[in-house]
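Engineer: Just need the structure, nothing else, for what follows:
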Amino acid sequence: MHAEPRIRVLIAKPGLDGHERGAQVVSYGLRDQGFEVIYTGIRQRPEQIVDAAIQEDVDVVGLSILSGAHVALTAKVLEGLRSRGAGDILVLVGGVIPDDDRQKLLDMGVAAVYTSGAKIEDIAGFIRSSVRALEGGKGSR
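Structural biologist: Now for the predicted structure:
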């Protein structure tokens, strides 16, 4: 029997935000759900996140942003992924995201936005179904 490859998720904290508890909770929770998780730590530049996502050949990038700069930082990560031919990597954003900005992020190409209180099981289920849907429409990277 052939084992299904594990979904690889990169969790990153872009910008100057030094609060990482939420990112760590999500990282550990997704690992417990069977994902392979790479956590880059705090204060990452968007270029570092893009480099890590490509080097690690991840399926998903999760950005945890509490600083209020979520729109600008997410745009830079999305642009960087697209410019490097990795626009098929699913990008999720979590943190303190005002309702007004949620739709902006989705319109930019973010797959989902999660705020405080989101259940790990819901995030994991969304990732699994989204990655399966993407894999159905393309060859593997």
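
Engineer: how about low-confidence regions in the protein?
Structural biologist: Where the chain drops to pLDDT under 70, the residues are 1-4, 137-141.

Engineer: residue contacts, Y28?
Structural biologist: V37 (CB atoms under 8 Å, 6 or more residues apart in numbering). All C-beta spots, glycine's among them, are computed from the backbone N, C-alpha and C.

Engineer: list the helices and strands the longest helix seen in the chain packs on?
Structural biologist: The longest helix of the chain (DSSP state H) is helix 120-136. Packed against helix 120-136 by the contact rule (3 or more CB pairs under 8 Å, 6 or more residues apart in numbering; DSSP states H and E) you find helix 21-32, strand 90-95, strand 112-114.

Engineer: which residues does the residue positioned nearest the centre of the chain bridge with?
Structural biologist: Using CA atoms, centre = their mean, the residue of the chain that lies closest to the mean C-alpha position is G62, 1.8 Å off. Beta-bridge partners of G62, counted by DSSP bridges, are I11, L92.

Engineer: Point me to the helix or strand that includes L73.
Structural biologist: helix 70-83 (DSSP states H and E).

Engineer: Which other helices and strands does that helix contact?
Structural biologist: helix 46-55, strand 60-65, strand 90-95, helix 99-108.
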